[in-house]
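> Please work out how this folds:
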Amino acid sequence: MEIKFDDVSYTYNAKTPLKKVALRDINLVIQEGKVNALIGTSGSGKTTLIQLINSLLVPTKGKVKVDEDLIGPKSRIKNINALRRKVGIVFQFPEEQFFNLTVKKEIEFGLLSFNYRTNELDKRVSDALKMVGLDDSYLERDPFKLSNGEQRKVAIASILVFNPKVIVFDEPTIGLDYDSKKNLVKLIRMLKNRYNKTVIIISHDIDFIHAISDYVILLDNGNLIITGNKYDILANPEALKHYNIPMPKIVEFSYKALKDKGIKMGYRDDVNDLLKDIYRYAK
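Purely as a prediction, here's the structure:
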């Protein structure tokens, strides 16, 4: 499903003295079937950009093309619910938005809002739980009494239940421990590889971004700075430093090995692969 930004700008409070330009003249194509990472310091325009994708916001200028829909100042979406079923957004701390007393009711709430046939609900809810690694024993559990990692999985399941073509994660690792982050990496890889989903991630967790992304989009002060393969961008220490983005630790180690020991190790996604390289060179 195509997602394309064509000369898009967005200004908050555009007609008031408090106006603030959040995005300027963005031209961008989201890579279909890939994990796309949005990076940049706070206030760079990342969250504004994803809210334009399913018309939570409408561009002040330009158009966003999402499949067959055009989102712009003079464009009208024929069916906003259909659009939002195609693009699911998992916001920061989504579990804080829970208000149902069982996991089943929490996950099926959106389906009922979208008027899905009731005879489909149980299977859809069960399938969504399985996709995030939970089974039907969770259906009648209280979502407020689950662990942080389990709550995040339920929140993701409440989006996957629509079977969206595009899934957006806004700061998904906040509040998660190491094991929960590893499980999230596995889940996102499964969504891409097994279910052919397009994934968009906003995160300040640069090590997580390095582990999971295929394609990186760097924003700064509302401007699109650079896009490309993650190895080209995240292994560029000068560019990252200029825009106050930390270097991934695994890349930093590889640079240090080259600088201090003259060992060119290449860039690895996984620490275990890096350890194998270290062992090989140590021998």
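
> Ramachandran angles for Ile206?
Main-chain dihedrals, Ile206, degrees, to the nearest 10: phi -70, psi -30.

> Now for it: which residues touch it?
For Ile206, the residues meeting the contact criterion (Cβ atoms under 8 Å, 6 or more residues apart in numbering) are 39, 234, 245-248. Using the backbone N, CA and C atoms, a C-beta is placed for each residue, glycine as well.

> run the last query once more with 7 Å
Residues near Ile206 by Cβ atoms under 7 Å, 6 or more residues apart in numbering: 245-246, 248.

> And for Thr48?
Taking Cβ under 7 Å, 6+ apart as the definition, contacts of Thr48 comprise 10, 22-23, 57.

> in the stretch 1-150 of the chain, which ranges drop under the pLDDT threshold?
Within the stretch 1-150 of the chain, the stretches falling below the threshold (pLDDT under 70) are 117-118.

> could you pull out the strands for the protein?
For the chain, applying DSSP state E gives strands covering 3-12, 20-29, 35-39, 61-66, 69-71, 87-90, 166-170, 198-202, 215-220, 223-229.

> Rebuild the contacts of Ile206 as CSV, extending it with distance to Asp67.
Putting these into CSV (distance: Cβ to Cβ, whole Å) gives the following:
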residue, distance to Asp67
Ile245, 31
Pro246, 35
Pro248, 33
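
> Drop anything exposed from the residues you listed.
If you count burial by 16 or more other Cβ atoms under 10 Å, the buried members of these come out as 245, 248.

> just to revisit the earlier point, of the contacts of Thr48, which is the most crowded?
Comparing these on neighbour count, Leu23 comes out first with 26 neighbours (neighbours: other Cβ atoms under 10 Å).

> Look up which residues are beta-bridged to it.
With DSSP bridges as the criterion, Leu23 is bridged to Tyr10.

> was I right about it contacting Ser44?
No: because the distance of 9.4 Å does not satisfy Cβ atoms under 7 Å, Leu23 is recorded as not touching Ser44.

> Overlap in contacts, these two.
Going by Cβ under 7 Å, 6+ apart, residues that sit against Leu23 and also against Ser44 are Gly222.

> Can you get me a residue count around Val125?
Neighbours of Val125 (other Cβ under 10 Å): 22.

> Let me know whether Leu234 touches Val251 as I believe.
Yes: A contact is recorded between Leu234 and Val251 when judged using Cβ under 7 Å, the distance being 6.0 Å.

> The two: which has the busier surroundings?
Leu234 (26 against 22).

> Quick one: the contacts of Thr48 as TSV, columns for distance to Lys74 too.
Written out in TSV, the entries for the contacts of Thr48 read as follows (distance: Cβ to Cβ, whole Å):
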residue	distance to Lys74
Tyr10	15
Ala22	20
Leu23	18
Leu57	15
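
> which one of those sits closest to Asn115?
When the contacts of Thr48 are compared for distance to Asn115 (Cβ to Cβ), Leu57 wins out at 24.9 Å.

> what's the closest non-adjacent residue to the closest one?
Once its chain neighbours are removed from consideration, Leu57 has its nearest residue in Gln51; the separation is 4.5 Å (Cβ to Cβ, 6 or more residues apart in numbering).

> Distance of that neighbour relative to Gly149?
26 Å (Cβ to Cβ, to the nearest Å).

> got it, and Leu234?
For Leu234, the distance to Gly149 under the criterion Cβ to Cβ works out to 26 Å.

> contacting residues for Gly88?
With the criterion set at Cβ under 7 Å, 6+ apart, Gly88 makes contact with 159, 162, 164, 167-168.
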